[in-house]
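Student: Structure, please.
(2 chains)
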Protein chains: 2
Amino acid sequence: MNAIASWIASANHSTSDFPIQNLPYGVFLYRQQARIGIAIGDKILDLRACASKSLLTGLQEEVIAACRAEVLNSLMSLGPAAWSALRHRITALLDAEQAGKETQEAVSELLVPMAEATMQLPVQIGDYTDFYASIHHATRVGKLFRPDNPLLPNYKYIPVGYHGRVSSIILSGQGIPRPCGQIKSPPPSAPIFGPTRSLDYELEVGIFVGAGNRLGQSVPIAEAEKHIFGLCLLNDWSARDMQSWEYQPLGPFLAKNFATTISPWIVPLEALTPYRIAAPERPEGDPTPLPYLCSSSGSFGIDLTLEVFLQSELMRQTGAAPTMVSRGNLRDLYWTIAQLLTHHASNGCNLRPGDLLATGTISGPTPGSEGCLLERTHDPEPIRLPSGEVRTFLEDGDQITFRAYTQKAGLPRIGLGECTGTILASTPA
Amino acid sequence: MNAIASWIASANHSTSDFPIQNLPYGVFLYRQQARIGIAIGDKILDLRACASKSLLTGLQEEVIAACRAEVLNSLMSLGPAAWSALRHRITALLDAEQAGKETQEAVSELLVPMAEATMQLPVQIGDYTDFYASIHHATRVGKLFRPDNPLLPNYKYIPVGYHGRVSSIILSGQGIPRPCGQIKSPPPSAPIFGPTRSLDYELEVGIFVGAGNRLGQSVPIAEAEKHIFGLCLLNDWSARDMQSWEYQPLGPFLAKNFATTISPWIVPLEALTPYRIAAPERPEGDPTPLPYLCSSSGSFGIDLTLEVFLQSELMRQTGAAPTMVSRGNLRDLYWTIAQLLTHHASNGCNLRPGDLLATGTISGPTPGSEGCLLERTHDPEPIRLPSGEVRTFLEDGDQITFRAYTQKAGLPRIGLGECTGTILASTPA
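Tutor: Below you'll find the predicted structure:
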């Protein structure tokens, strides 16, 4: 297979997350206006300007109108046929073979250097749901919180999930003040209120809902992926001491809702199609999912490598590069993204365009693939940084960066870009 | 004290929820446009029309603009001084002594009979949080789910809460299809997927946030009530069989998010001021709340009687009136609404205008004051209806209606209106 190339040179570099096969959507500020853009190499194609300059002519009116909006919700609501038509057109504009000199000149004027753009939250998120789809994470964390009962009996039947906070979802790059909360030492001491002492990240993938379902209607598993617009990276920052004290019986709350960071680019599910793999087989002896969660065979899995980097303040001061603290893969989840969505709507709960689902911490079975620091605390050794510092949990000044990519022979690598955040000192209550 | 009266006669009936001392806000459809209205007796005063007819002149421009909106969020964001000024003006327009003949004639033209109005969701809700503030509820339900451990050690320190679903919040009157989900019989049987067999209501009060707080900033307890716009009734419909199987370790999810019903009228906190009472004293031996949740003495309690009525389909067919199945009181909560709000923001979580908090099921200590059917299942006798039918949980066709009111010598009764919903047969998946 010969992969097509773009006439934008930076998109063809082997290190770029954004070749022409990707074309992720984001929203950037330009001339004090929020605009939908598409990442290509180190540039952003201004979709609003494309609409104004008649480069989208021939597409349905509602698609063109959606490209002129300030958030992606309208485009998301239109469904896969509309997304596909727009993607086809953008590909034609950027493809070295399809785009003639005139097109290239016209499009060139609508490119903004990524380095000069300020990205914004790309979606008005209605509801945010966080799942718990990694059995490796659930088992390791379960051992800490419930040594006698690590993996609960419902885990292999239910794609366990819960509602998260929308207001505190922020964009990659924004600082994370260390939150305060109730912290409990072992009895008989009473809880105290103060800054968390065990601040953690959680490596997750975000799944944006496209067209929704009506209240009272479910989504058959075979239809589930048609409701998914695309994926991003997501950091579910967590205060472990607050979490262990507050989480029973209704689940985590203040330990999580002080901040959730997402990456600025949403990679269309369609871009990942050539890279898809079969969903992992369930281990021998595990129950078959109930029929509403059973799909006929298909490429329901996604081979997405996920990496976590840490750079302390001292490392930044001394010019030391961020160090990789873990590497995992989305394929290691126990539940597919289709199963998450179908389960969510199985009681008639309505999903709306722009709703955000997250996988839960993505951890693999082996050491070095844990998606959060909590899972490493069983390790006898804390993480040792190149600076000589050690880490059990995050310290003020630590910067956490997630990266993710998929690759396949004959095709360029597709990446999700970066999801990053730096811990700030706690502000007085 | 002589209570003032309105020149609108129906507002002065002792049975009306909406005397001039109340003035709750809602949104109604009129000439195919959503308009903010204020309930007065059996009428709705059209605030948009008041603005157009210059009846609000002299108020700040932003207040007048907020009255012309299609949802209450803008008005909510303006804070207590603005709400108070508007309330003062509306009172002057409706008060029999203050409003002259000319004013009464002008206002008369802007009144819509409640019976002819279609109410809508009054707020664009950003986030919805459900608490667990009744210790009587927590203890009784705890006994069912965890017989060995009914009230968890955190209960008397933390106003426990969790995030709920915004998309499925609906207005009073909308039908509730019986949801499907995973239901588990005792081992060794595997779960099955089907309509819930234990559908329940939960009697709650909803608390709408007015002006919010910035991400990273907390809200001191002494300031908390300044961030509360008003109260409504809320029914947190619950599928108990689904809940008991799914709720660990991350809390209830599909057992709740198929529907949450709110009443159409939001009663301003200011309207309740003359009816406020001291917050209940904690029982001897209970820990003092941590300092961030401790308020200096003040009227932090609300004496609000809450009633639940049930009418089966057979009762409706035979003309039997709804029967009262429980009566409780908001004053019985372990945590005040100020403590709920301050705890929520204590980690820097940002609350936004129009966010909805709910108290959790409001149950009292005595039989007959349980705020949901689950708490009555310990009773040897199921509920016996006047029709001869019995109920352990809700059957198709059952209509549940909540009502609430506060009263005080020398003042008229203030009510919250009705919050109602009828169970519909499950729709096939």
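Student: Which positions in the stretch 251-400 of chain A make contact with chain B?
Tutor: Taking Cβ under 8 Å from any Cβ of the partner chain as the contact definition, the stretch 251-400 of chain A meets chain B at A:251-255, A:257-259, A:287, A:290-292, A:343-344, A:346-352, A:355. For every residue, glycine as well, the C-beta is placed using N, CA and C.
Student: In helices only, show me the residues you listed.
Tutor: Under the assignment DSSP state H, those contribute A:343-344 to helices.
Student: just the buried members of the residues of the stretch 251-400 of chain A next to chain B?
Tutor: Buried subset of those (neighbour count, 16 or more other Cβ atoms under 10 Å in any protein chain shown): A:251-255, A:257-259, A:290, A:292, A:343-344, A:346-352, A:355.
Student: which residues touch the residue of the stretch 1-150 of chain A at minimum distance from chain B?
Tutor: Distances between the stretch 1-150 of chain A and chain B by Cβ to the nearest Cβ are smallest at A:D127, namely 5.3 Å. Applying Cβ atoms under 8 Å, 6 or more residues apart in numbering or on different chains, we find A:D127 in contact with A:163, A:166, A:351-352, A:355-356, B:165-167.
Student: any idea which of these is the one closest to A:L203?
Tutor: Using Cβ to Cβ, A:L356 comes nearest to A:L203 of the contacts of A:D127, at 16.0 Å.
Student: Please name the bridge partners of that closest one.
Tutor: For A:L356, the beta-bridge partners are A:Y128, A:F208 (DSSP bridges).
Student: Tell me how many other residues surround it.
Tutor: 22 (other Cβ atoms under 10 Å in any protein chain shown).
Student: contacting residues around it?
Tutor: A:L356 makes contact with A:123, A:125, A:127-129, A:166, A:169, A:206-209, A:234, A:262, according to Cβ under 8 Å, 6+ apart.
Student: Export the residues you listed as TSV, with columns for pLDDT.
Tutor: Below are those laid out as TSV (pLDDT from 0 to 100):
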residue	pLDDT
A:V123	98
A:I125	98
A:D127	98
A:Y128	98
A:T129	98
A:V166	98
A:I169	98
A:G206	98
A:I207	98
A:F208	98
A:V209	98
A:L234	98
A:I262	98
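Student: Just the buried ones among the residues you listed, please.
Tutor: A:123, A:125, A:127-129, A:166, A:169, A:206-209, A:234, A:262.
Student: Kindly indicate which of those residues lies nearest B:G368.
Tutor: Among the buried ones among the contacts of A:L356, and counting by Cβ to Cβ, the member closest to B:G368 is A:D127, at 36.3 Å.
Student: Tell me the backbone dihedrals of the closest one, please.
Tutor: Main-chain torsions, A:D127, degrees, to the nearest 10: phi -140, psi 150.
Student: now swap in the one 3 residues further on and tell me
Tutor: For A:D130, the backbone dihedrals (degrees, to the nearest 10) come out as phi -110, psi 130.
Student: Return the per-residue confidence for the residue nearest to A:L330 when sequence neighbours are not counted.
Tutor: Nearest residue to A:L330, sequence neighbours excluded (Cβ to Cβ, 6 or more residues apart in numbering or on different chains): A:L304, at 3.9 Å. Looking at A:L304, its pLDDT stands at 97.
Student: For burial, what's the neighbour tally of A:L304?
Tutor: A:L304, neighbours per other Cβ under 10 Å, totals 24.
Student: which residues sit in contact with the residue in the stretch 151-300 of chain A positioned nearest to chain B?
Tutor: Going by Cβ to the nearest Cβ, chain B is nearest to A:G251 of the stretch 151-300 of chain A, at 2.7 Å. For A:G251, the contact set (Cβ under 8 Å, 6+ apart) comprises A:162, B:162, B:249-252.
Student: same question, A:D355
Tutor: Residues in contact with A:D355 (Cβ under 8 Å, 6+ apart) are A:125-129, A:208-209, A:212, B:167.
Student: Can you name the residues in contact with the longest helix along chain A?
Tutor: The residue-count maximum for a helix in chain A (DSSP H) belongs to helix A:80-94. Outside helix A:80-94, the residues within contact range by Cβ under 8 Å, 6+ apart are A:4, A:6-8, A:11, A:20, A:23, A:38, A:40, A:45, A:50, A:55-56, A:58-60, A:62-63, A:66-67, A:75, A:98-99, A:103, A:107, A:210, A:226, A:229, A:268, A:270-271.
Student: got the buried residues for stretch A:76-88?
Tutor: Across stretch A:76-88, burial judged by 16+ other Cβ under 10 Å covers A:76-78, A:80, A:82-83, A:85-87.
Student: Can you name the residues bridging to the residue sitting nearest the centre point of chain A?
Tutor: Central residue of chain A (Cα atoms, centre = their mean): A:L233, 2.3 Å from the mean position. Beta-bridge partners recorded for A:L233 (DSSP bridges): A:V205.
Student: which ones are touching it?
Tutor: Taking Cβ under 8 Å, 6+ apart, we find A:L233 in contact with A:172, A:204-206, A:262-263, A:306, A:402-404, A:416-419.
Student: Make TSV out of these and add secondary structure and distance to A:P365.
Tutor: Below are the contacts of A:L233 laid out as TSV (DSSP: H, G, I helix; E, B strand; the rest coil; distance: Cβ to Cβ, whole Å):
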residue	secondary structure	distance to A:P365
A:S172	coil	28
A:E204	strand	18
A:V205	strand	18
A:G206	strand	23
A:I262	strand	27
A:S263	coil	25
A:L306	strand	14
A:F402	strand	20
A:R403	strand	21
A:A404	strand	19
A:L416	strand	23
A:G417	strand	27
A:E418	strand	26
A:C419	strand	24
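Student: ok, so of these, who is nearest B:V71?
Tutor: Using Cβ to Cβ, A:I262 is the member of the contacts of A:L233 that lies nearest B:V71, at 26.4 Å.
Student: Report the separation between that closest one and A:G164.
Tutor: Distance from A:I262 to A:G164, counting by Cβ to Cβ, to the nearest Å: 12 Å.
Student: which ones are touching A:P150?
Tutor: A:P150 neighbours (Cβ under 8 Å, 6+ apart): A:138-140, A:142-143.
Student: and chain B, which of those reach it?
Tutor: With Cβ under 8 Å from any Cβ as the criterion, these include A:G142 near chain B.
Student: Could I get the contacting residues of A:T377?
Tutor: Contacts of A:T377 (Cβ under 8 Å, 6+ apart): A:144, A:392.
Student: now do 7 Å
Tutor: Shown in contact with A:T377 (Cβ atoms under 7 Å, 6 or more residues apart in numbering or on different chains): A:T392.
Student: can you tell me which residues contact A:T361?
Tutor: If a contact means Cβ under 7 Å, 6+ apart, then A:T361 has A:134, A:137, A:202-204, A:371-372 as its contacts.
Student: Which secondary structure state is assigned to it?
Tutor: Put simply, A:T361 is coil when judged by DSSP: H, G, I helix; E, B strand; the rest coil.
Student: phi, psi of it?
Tutor: phi -50, psi 130.
Student: Ok, A:E313 next?
Tutor: The phi/psi pair for A:E313 (degrees, to the nearest 10) reads phi -60, psi -40.
Student: count of neighbours near the residue nearest to it when sequence neighbours are not counted?
Tutor: Excluding its sequence neighbours, the residue lying closest to A:E313 (Cβ to Cβ, 6+ apart) is A:G397, at 3.0 Å. Using other Cβ under 10 Å, A:G397 has 16 other residues around it.
Student: Now A:L394. Nearest residue, chain neighbours left out?
Tutor: Among residues not flanking A:L394 along the chain, A:L199 sits closest, at 4.4 Å (Cβ to Cβ, 6+ apart).
Student: doesn't A:F393 make contact with the one you found?
Tutor: Yes: counting by Cβ atoms under 7 Å, A:L199 does reach A:F393; the two are 5.5 Å apart.
Student: any common contacting residues for these two?
Tutor: By Cβ under 7 Å, 6+ apart, no residue touches both A:L199 and A:F393.
Student: can you pull the pLDDT of the residue lying closest to A:L121 once chain neighbours are set aside?
Tutor: Excluding its sequence neighbours, the residue lying closest to A:L121 (Cβ to Cβ, 6+ apart) is A:L171, at 5.4 Å. In the predicted model, A:L171 carries a pLDDT score of 98.
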